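Participant: the sequence and its predicted three-dimensional model are supplied below.
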Amino acid sequence: MRTTALTLLAALLGILGASCGDELTEPDGMEASESQPALVDELNRRVPELLFEYRVPGVAVALLEAGVVEHQLVYGLADSEAQRPVTADTGFNIGSISKLFAAWGVMRLVEQGRIDLDASVEQYLTRWYLPESEFDSDGVTIRRLLSHTAGLTLEGYPGFEPGAPLPTLEESLRGATNGAGDVRLTMEPGKQWHYSGGGYTVLQLMIEEVTGEPFADYMQRNVLAPLGMGHSSFDVSNEILKASSEAHGILGKVIGGPRFTAMAAAGLETTVADLGRFAVANMGNEGGVQAGHPVLRSETLREMQAAAPATDGSYGLGYALYSFEDGFRTLGHDGANTGWYAQLHLLPESGRGIIVLTNGSNGWVLCEDIVCQWRKHVSPDADQVACQKPPYPLLSIIAEEESVAAALEHFAKLKSERSEEYKFPPAALHYFGYDLLRDDRVAEAIEAFKLNFQLFPEESAAAGSLGEAHLIAGNKDLAIKYLEKSLELNPESSKRAMMLEQARAMDLDQ
């Protein structure tokens with residue numbers, strides 16, 4: 001009898017259940033109140049089920065109300081092999097939320113008059129310069145680097161395996177990034193928003209050059225320690241790792257979490273309790289003062305939390321500015337590395353916020369659901385908030401444990417029987433099919449894209465991905481058929497037009 005992924009997940013109930021829903025009130029002197037019991041009850045009901053379903057071993061959550069951390073909730077395991085539970089002091093890598101802390105470090109130097117926010121960053125560099133470009137590097141200012149409008153490449157970093165030698169900062173900027181490429185200027189500075197983790201590596205170098213000390217040391221002394229974040233560090237030492245969670249892959253198994261030279265972009269290790277202290281420091285725009293230790297002035301925070309030029313309202317100076325489909329707006333950041341996913345959402349004027357830290361590659365599904373439940377409790381238009389789960393991560397789990405055919409069968413069943421619980425956007429199987437292509441499972445990818453096109457025949461992406469898979473498989477006629485259909489639905493797609501040319505030229509000399 002075939003054992004389904006959900007059955008296997010249910011078998012983990014006895015393993016994880018003992019540590020689900022532990023609540024730690026009044027963390028380290030922060031005042032606790034009881035205005036969110038309904039949300040806590042809902043999370044205690046939903047989160048364990050989602051941990052099982054999506055193979056995420058553990059999660060830590062902090063809820064802020066009236067400018068204080070009101071609840072800390074921990075669920076599941078920090079280490080699925082050692083059966084070690086998550087606590088409020090369990091360390092998590094928070095990926096790109098690191099950029100927000102790096103931005104605080106930069107603005108500390110601005111306040112001290114040691115750097116000019118609108119000066120070219122190269123004014124402060126000696127160890128590395130941007131490669132020659134058709135664009136003027138003088139336009140790569142510190143403000144634009146903070147807001148991702150400097151025109152630089154390199155969106156994100158995969159990191160390096162534990163134990164692997166790390167490149168120097170200069171080597172990383174030149175391209176020693178484990179496949180992510182180098183940092184260069186490819187767009188006119190100040191004209192458009194383009195996310196660049198590489199830009200934050202430039203800022204990391206700038207901090208080291210201006211201060212004369214390693215980035216991690218500067219951040220510890222000037223940002224983390226003043227905020228009371230004693231369990232956080234950009235320098236992941238053995239001492240830090242002793243209290244840290246393990247990273248887990250899509251099946252919930254322990255993997256080696258990546259290490260980073262690009263610390264400012266992706267390297268901070270912290271806890272839900274420590275990140276709660278940072279969140280409190282943002283509240284009421286009186287932020288930067290926690291337990292009497294000033295970090296940034298309130299007017300500096302207001303500037304950082306406002307939309308920066310050329311971002312279309314989506315980004316400040318280090319802060320992502322979120323706008324949800326119901327019109328609800330927050331500020332904060334999210335972060336993803338292999339084996340980790342985290343989200344931070346803040347409402348400084350009301351003193352509300354939420355932190356979600358996970359230790360699994362599928363943690364983004366869990367984060368989205370938890371944040372959605374929070375929005376249902378704090379949004380003025382809560383009745384318009386619909387919390388639906390994407391089926392895509394579950395399909396990858398079933399494909400790994402059973403087969404692609406079983407995953408597609410499960411997808412069809414979810415769509416026909418549980419459409420209110422799961423969301424099915426156009427081309428819903430798009431990412432699942434491309435995962436299969438990346439694993440060289442071309443025939444199985446074709447089956448996924450075929451079902452996708454049957455479900456969404458008027459979507460250009462559905463036709464185009466099926467045509468692309470047939471192109472890779474060498475099926476000339478089918479590749480032409482579906483790529484032509486994709487261009488019929490979206491004549492502006494230059495990518496599909498190029499692929500169609502490749503398909504038509506296939507095997508002409510044979």
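Facilitator: That came through fine.
Participant: endpoints of stretch 148-160, how far apart?
Facilitator: 24 Å (Cα to Cα, to the nearest Å).
Participant: just stretch 308-321 next, same as before
Facilitator: OK, stretch 308-321 end separation, Cα to Cα: 10 Å.
Participant: likewise stretch 321-333?
Facilitator: End-to-end for stretch 321-333, by Cα to Cα: 8 Å.
Participant: what do you get for stretch 118-136?
Facilitator: With Cα to Cα, one end of stretch 118-136 sits 15 Å from the other.
Participant: starting at the chain centroid, how far to it?
Facilitator: The chain centre lies 28 Å from the centre of stretch 118-136; the measure is Cα atoms, centre = their mean, to the nearest Å.
Participant: got a list of contacts for that stretch?
Facilitator: 115-116, 137-143, 145, 151-152, 169-170, 173-174, 182-189, 202-203, 205-206, 209-210 (Cβ atoms under 8 Å, 6 or more residues apart in numbering). Bear in mind the C-beta positions are built from the backbone N, C-alpha and C, glycine included.
Participant: mind giving me the PyMOL command for buried ones among those?
Facilitator: Burial among the contacts of stretch 118-136 is assessed by 16 or more other Cβ atoms under 10 Å; the matching PyMOL selection reads:
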select buried, resi 115+137+139+140+141+142+143+145+151+152+169+173+182+183+184+185+187+189+202+203+205+206+210
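Participant: count the residues that sit near C372.
Facilitator: By the measure other Cβ atoms under 10 Å, the count of residues near C372 is 16.
Participant: same thing with A427?
Facilitator: 20.
Participant: same deal with F160?
Facilitator: So F160, with other Cβ under 10 Å, has 18 neighbours.
Participant: tell me the pLDDT at it?
Facilitator: pLDDT recorded at F160 is 93.
Participant: one more: Q36?
Facilitator: For Q36, the model assigns a pLDDT of 75.
Participant: stretch 80-96: end-to-end distance?
Facilitator: End residues of stretch 80-96 are separated by 24 Å (Cα to Cα).
Participant: please read the previous query as pertaining to stretch 433-444.
Facilitator: Start-to-end, stretch 433-444 (Cα to Cα) is 8 Å.
Participant: again with stretch 250-264
Facilitator: OK, stretch 250-264 end separation, Cα to Cα: 26 Å.
Participant: could you point out which element follows the longest helix that the chain contains?
Facilitator: For the chain, the helix with the greatest residue count under DSSP state H is helix 37-54. Next in sequence after helix 37-54, counting helices and strands by DSSP states H and E, comes strand 58-65.
Participant: return the residues in contact with G464.
Facilitator: With Cβ under 8 Å, 6+ apart, G464 has these contacts: 482-483, 486, 490, 493, 495-496, 499.
Participant: re earlier: what is the longest helix of the chain packed up against?
Facilitator: helix 5-10, helix 13-16, strand 58-65, strand 68-79, helix 363-378, helix 392-401 (3 or more Cβ pairs under 8 Å, 6 or more residues apart in numbering; DSSP states H and E).
Participant: for the record, mean pLDDT for the first one?
Facilitator: In other words, helix 5-10. pLDDT averaged over helix 5-10 gives 37.
Participant: over to the fifth one?
Facilitator: Mean pLDDT, taken over the full extent of helix 363-378, equals 93.
Participant: now it - C-alpha only, PDB.
Facilitator: Provided in PDB are the C-alpha atoms of helix 363-378 (Å, rounded to 0.1, in the frame of the first residue of the first chain):
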ATOM      1  CA  GLY A 363       9.900  27.500   5.900                       C
ATOM      2  CA  TRP A 364       8.600  30.300   3.600                       C
ATOM      3  CA  VAL A 365       5.200  28.600   3.400                       C
ATOM      4  CA  LEU A 366       5.000  28.500   7.200                       C
ATOM      5  CA  CYS A 367       6.100  32.100   7.500                       C
ATOM      6  CA  GLU A 368       3.500  33.300   5.000                       C
ATOM      7  CA  ASP A 369       0.700  31.500   6.800                       C
ATOM      8  CA  ILE A 370       1.700  32.800  10.200                       C
ATOM      9  CA  VAL A 371       2.000  36.300   9.000                       C
ATOM     10  CA  CYS A 372      -1.300  36.000   7.200                       C
ATOM     11  CA  GLN A 373      -3.000  34.800  10.400                       C
ATOM     12  CA  TRP A 374      -1.400  37.800  12.200                       C
ATOM     13  CA  ARG A 375      -2.800  40.200   9.500                       C
ATOM     14  CA  LYS A 376      -6.300  38.800  10.100                       C
ATOM     15  CA  HIS A 377      -6.000  40.000  13.700                       C
ATOM     16  CA  VAL A 378      -4.400  43.400  13.100                       C
END
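Participant: now the angle between helix 37-54 and it, please.
Facilitator: 160 degrees (axes from the mean of the first three to the mean of the last three Cα atoms, to 10 degrees).
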